[in-house]
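**Student:** sequence below, structure please.
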Amino acid sequence: MEEERSKVTGYLKGEWVEVSADQDALEKLRLKGYGFTEDHTLKLSLVEAAYLTWIGKLELARSEGKGIDPLLRVLSEKKPEDFLRFLVFQDLRRRGRLVRYEPRTPFLRLYPPGAKIGSKAANVLVLPMSEDELIRQNEILKAVLYAGRLRKRLLLAIVGTESDITYYYAENFMPNKIRDFDFDSLPRAEGVLIHDRVVVWDPEIASKFYINGFWGHPMGVRKPKPHREYKLPLQLSLVEAAYLNMKGVLDIRDSQGNILSQSKFLEVVRKFRSKADARIVAYSFWRDLGYVVKSSAAKYGGHYLIYEKGPGIDHAPYLCVVSYPEELITPVNLLRVGRVATSVNKTLVISIVKGSRILNYRMEWERSFR
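**Tutor:** Numbering: from 1, shown residues only. Coordinates of the predicted model:
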């Protein structure tokens, strides 16, 4: 109890606080993950000093005001972006986790539960984010790749307006190839463009397309059963039709009966679908790996449901959202889609498309921080 009541004295020096105390007290702070030693002095970041002041372990010498207020004023003046880091640092420490401040990056370093300094290395980088502050997808992807290069996981700490914090892991993700679709087994089909979809009217051909790859959706059937010949017209999404057209198994005609070239049909897709080019690239990526990709994901806030076997056989393990590197998003939108994905037992995958290239990261809710 004496250790809990004892205080050390700190002296504000620019963006750091230098701690004055006996060596035993300094060593105890260091072993708890606070600051770093330089010339026999323990130097604390403003974030660490503010937290220690908040819990009554540090007193700031020669300060105008008492308690944590002077430190937070200095922090807001010199490094306002670190206020979010303070809130997250405070929350993780309150939960009993060992977390350290990183001086030259936007991250905090989180250690495994029960770890002590010197016993285990940090295995997670924590990136604090304001829930409504716009951020480019590229910035999240850079953080994901940076953490991966260090062999650590990235934990997004999304801070709400009332300082409530939700944690999501974000990790680089490359799905395995699971099969090759046999396009040679598909008959040559002809589809007609009707507003924002393509319909294959021939029921025999339509049945073969659905049975051999779950292409499209039999018209008028709410939940088609796998391997069943419905012999009904087949509805194809514009993106799906574009993919089959590029694979050479589907010709597309307009309402006047004219065959549309790939470039002309792409103009139609762009007219009706936002992010048309990116969505085609993402769809092609997953289909080329052998997954069954369905466009019935809007109710979950995504673009695609990704199946390994197909609807009616298994549940889709992935919910895919398609994006561009420069797209501005708010973290709260990722949070919302992530929560929906979690509630229906799916992994949220963000597919970032640049030209013909694609990089994915997946998000997973950190339930232990609820």
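**Student:** from now on I want contacts and neighbour counts done on CA atoms only, so please keep to that.
**Tutor:** Noted.
**Student:** ok, the closest residue in space to Leu110 that isn't next to it in sequence to Ser323 distance?
**Tutor:** Closest residue to Leu110 apart from its sequence neighbours, by C-alpha to C-alpha, 6 or more residues apart in numbering: Val99 at 4.5 Å. Applying C-alpha to C-alpha, to the nearest Å, the value for Val99 to Ser323 is 32 Å.
**Student:** now do Gly301
**Tutor:** The gap separating Gly301 from Ser323 is 13 Å, by C-alpha to C-alpha.
**Student:** hmm, back to that, surely the residue nearest to Leu110 is in contact with Gly33?
**Tutor:** Yes. Contact criterion C-alpha atoms under 8 Å: Val99 and Gly33 qualify, at 6.9 Å.
**Student:** looking at the two, which one has more neighbours?
**Tutor:** Per other C-alpha atoms under 10 Å, whichever of Val99 and Gly33 has more neighbours is Val99, with 23 against 18.
**Student:** got the phi and psi for that one?
**Tutor:** Main-chain torsions, Val99, degrees, to the nearest 10: phi -140, psi 140.
**Student:** I'd like the numbering to begin with 30 instead of 1 from here.
**Tutor:** All set: I'll call the first residue 30, so the last point we hit is now Val128.
**Student:** what's the pLDDT at it?
**Tutor:** Per-residue confidence (pLDDT) for Val128: 96.
**Student:** now for it: which residues touch it?
**Tutor:** 62, 118, 121-122, 137-140 (C-alpha atoms under 8 Å, 6 or more residues apart in numbering).
**Student:** keep only those of those that are in strands.
**Tutor:** 137-139 (DSSP state E).
**Student:** neighbour-wise, which of the residues you listed leads?
**Tutor:** Leu139 leads these on contacts (other C-alpha under 10 Å) with 24 neighbours.
**Student:** just give me the neighbour total for the closest residue to Asp231 other than its chain neighbours.
**Tutor:** In space, Asp231 comes closest to Pro262 once its chain neighbours are excluded; the distance is 6.2 Å by C-alpha to C-alpha, 6+ apart. Neighbourhood size, Pro262 [other C-alpha under 10 Å]: 21.
**Student:** quickly note the distance from Pro262 to Val297.
**Tutor:** Relative to Val297, and taking C-alpha to C-alpha, Pro262 is found at 21 Å.
**Student:** swap in Ala151?
**Tutor:** Distance, Ala151 to Val297, using C-alpha to C-alpha: 50 Å.
**Student:** what's the answer for Pro340, then?
**Tutor:** From Pro340 across to Val297, the span is 28 Å (C-alpha to C-alpha).
**Student:** can I assume Leu183 sits in a strand?
**Tutor:** Yes. Judged by DSSP: H, G, I helix; E, B strand; the rest coil, Leu183 forms part of a strand.
**Student:** so it sits against Asn201, correct?
**Tutor:** No. Leu183 is beyond contact range of Asn201, at 9.4 Å (criterion: C-alpha under 8 Å).
**Student:** higher neighbour count, those two?
**Tutor:** Between Leu183 and Asn201, Leu183 has the larger neighbour count (other C-alpha under 10 Å), namely 27 against 20.
**Student:** skip the chain neighbours and tell me the closest residue to that one.
**Tutor:** Nearest to Leu183 is Leu154, by C-alpha to C-alpha, 6+ apart, at 5.0 Å.
**Student:** and the helices in this protein?
**Tutor:** Assigned by DSSP state H, the chain shows helices spanning 31-34, 52-60, 75-83, 98-107, 111-123, 166-178, 232-240, 267-275, 291-301, 305-317, 360-372.
**Student:** what sits against Arg165?
**Tutor:** Arg165 makes contact with 354-358, according to C-alpha under 8 Å, 6+ apart.
**Student:** relative to Lys61, how far out is it?
**Tutor:** To Lys61, Arg165 is 35 Å away according to C-alpha to C-alpha.
**Student:** now do Ala327
**Tutor:** 47 Å.
**Student:** same question for Val173.
**Tutor:** Distance, Val173 to Lys61, using C-alpha to C-alpha: 27 Å.
**Student:** which one of the two has more residues nearby?
**Tutor:** Higher neighbour count among Val173 and Lys61: Val173, with 26 against 15, using other C-alpha under 10 Å.
**Student:** wait, the more buried one touches Tyr390, no?
**Tutor:** Yes. Here Val173 lies in contact with Tyr390, judged by C-alpha under 8 Å, at a distance of 7.5 Å.
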